[in-house]
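[1] Give me coordinates for this.
(one chain, ligands or ions: 1)
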Amino acid sequence: MAKYTIEEMSAQGYKPAPAEYFSGAAWLKPFVIPDENTNCIVSDVLFEPGVRNNWHTHPSNQVLLVREGVCYYQEEGKPVVQVEAGGAINILPGVKHWHGASPDAVMVHTAIGINTEKGIVNWLEPVTDEQYNGK
Ligand code: MN
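    Below you'll find the predicted structure:
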C-alpha cells in the first residue's frame, strides 16, 4: 500500500515515478530537465519504505545526495551499504547498481545526472528481496 496519495504528493511538486522500474511507490520532483542548452538532470526522488529501483546503469556519473532517511545502495558484486541523510554517493559510468529506502522509513535523495546527451539511465532487472536484504 502506498503511504501517500497523489493529491498529497502533487501539492509538494511530486509526480509518480514510473512503476515498471520501482518495487513500489516512489515519487519524482524534477528541478532541472535536460534540453539543448543543459546537459544535466536534477530531481528529488522519494522512495516509500522498503521501495527500491531496479538494477540499472548510467552512461555518465550519477551523484546522489541523501536528504532524508537512510539510502540503501548496492553496486553489483559488493555489499549493500547504508548512507544516512547528509551523505553522498558518486556512481561511476556504467556501474550496475540500485538505490532505495530502508524497510521502515521514507528516503529522499537528490539525484544529479551529467552529460545527459549520452543518455540518462539504462534500466535492468528488479532487485530481489534476497538482494535487498543483503543475503
Ligand atoms: Mn542510479
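[2] Grab the most central residue of the chain for me.
    Nearest residue to the geometric centre of the chain (Cα atoms, centre = their mean): His99, 5.2 Å.
[3] which residues does that one contact?
    Going by Cβ atoms under 8 Å, 6 or more residues apart in numbering, His99 touches 47, 52-53, 64, 71-73, 89, 109. C-betas here are computed from N, CA, C, even on glycine.
[4] Drop anything exposed from those residues.
    47, 52-53, 64, 71-73, 89, 109 (16 or more other Cβ atoms under 10 Å).
[5] mind giving me JSON lines with these and columns for distance to Gly13?
    Formatted as JSON lines, the buried ones among the contacts of His99 follow (distance: Cβ to Cβ, whole Å):
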{"residue": "Phe47", "distance to Gly13": "16"}
{"residue": "Arg52", "distance to Gly13": "22"}
{"residue": "Asn53", "distance to Gly13": "20"}
{"residue": "Leu64", "distance to Gly13": "19"}
{"residue": "Cys71", "distance to Gly13": "21"}
{"residue": "Tyr72", "distance to Gly13": "24"}
{"residue": "Tyr73", "distance to Gly13": "25"}
{"residue": "Ile89", "distance to Gly13": "23"}
{"residue": "His109", "distance to Gly13": "16"}
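[6] Kindly list the longest helix within the chain.
    Secondary structure of the chain per DSSP state H: the longest helix is helix 6-11.
[7] if we can go back for a sec, please name the bridge partners of the residue nearest to the centre of the chain.
    Tyr73 (DSSP bridges).
[8] is the closest residue in space to Ile89 that isn't next to it in sequence in a bridge, and if so with what?
    Nearest non-adjacent residue to Ile89, counting by Cβ to Cβ, 6 or more residues apart in numbering: Leu64, 4.4 Å away. Applying DSSP bridges to Leu64 gives these bridge partners: Ile89, Ala111.
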